[in-house]
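Engineer: give me a 3D structure for the following:
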Amino acid sequence: MTDPRYRPRDLSAEPLSFGRASLVAWRLADSPQSKALLIAAQLQHEYAIRIRAGIERTGSGLKAYASEAGMSYDRAGKMLRGEIVMRLEDIATADVILGGVSELARAAGRSDAAVISNGGGVGGNASGN
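Structural biologist: Residues are numbered from 1 along each chain as shown. Reported below is the predicted structural model:
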């Protein structure tokens, strides 16, 4: 695995709280690029909290979740700790397995995002109607 451009947890003033505590202090951004990375880190932090809560809700544990998600236990842990960047695919997979992780799944009022794809989008068909 190659080194990412940044580690999301490094943008937190409290790296050990990344993906765990609901309230975390963040470092200041001093450019448009650093502000974008800060926002991405904050989003990943929120998704990590939701994924951890979903894993706890199911009572399955991180190892079982990682296996079902098709990733190594090591990668899952690093992703939730903010040591590596979470991908959109990781969020979608969490929606399918755990339900209610992404805003898309929450907006649809579904516990499982898999049903969203069957209708072509939230509240409509593939043509957007």
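Engineer: how about the helices in this protein?
Structural biologist: Taking DSSP state H to define them, one finds helices in the chain at 32-58, 62-69, 73-81, 88-98, 103-108, 114-118.
Engineer: by mean pLDDT, show me the worst of the ones you listed.
Structural biologist: Per-stretch mean pLDDT for the helices of the chain is lowest at helix 114-118 (a mean of 46).
Engineer: what's the closest non-adjacent residue to Ala69?
Structural biologist: Using C-beta to C-beta, 6 or more residues apart in numbering and skipping residues adjacent in sequence, the residue nearest Ala69 is Thr93, 4.9 Å away. Every residue, glycine included, has its C-beta placed from N, CA and C.
Engineer: wait, doesn't that neighbour sit right on Ala66?
Structural biologist: No: shown here, Thr93 and Ala66 do not form a contact pair, counting by C-beta atoms under 8 Å, at 10.4 Å.
Engineer: let me have the helices of the chain in CSV, extended by mean neighbour count and distance to Ser12.
Structural biologist: Below are those laid out as CSV (neighbours: other C-beta atoms under 10 Å; distance: least, C-beta to C-beta, whole Å):
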stretch, mean neighbour count, distance to Ser12
helix 32-58, 17, 7
helix 62-69, 16, 20
helix 73-81, 18, 11
helix 88-98, 19, 19
helix 103-108, 17, 21
helix 114-118, 13, 31
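Engineer: closest to Arg9 out of the ones you listed?
Structural biologist: When the helices of the chain are compared by C-beta to C-beta, helix 73-81 sits nearest Arg9, at 6.3 Å.
Engineer: by contact count, what packs against that closest one?
Structural biologist: If you count contacts as 3 or more C-beta pairs under 8 Å, 6 or more residues apart in numbering; DSSP states H and E, helix 73-81 packs onto helix 32-58, helix 62-69.
Engineer: so Leu11 sits right up against Leu38, yeah?
Structural biologist: Yes: applying C-beta under 8 Å, one finds Leu11 in contact with Leu38, separated by 5.2 Å.
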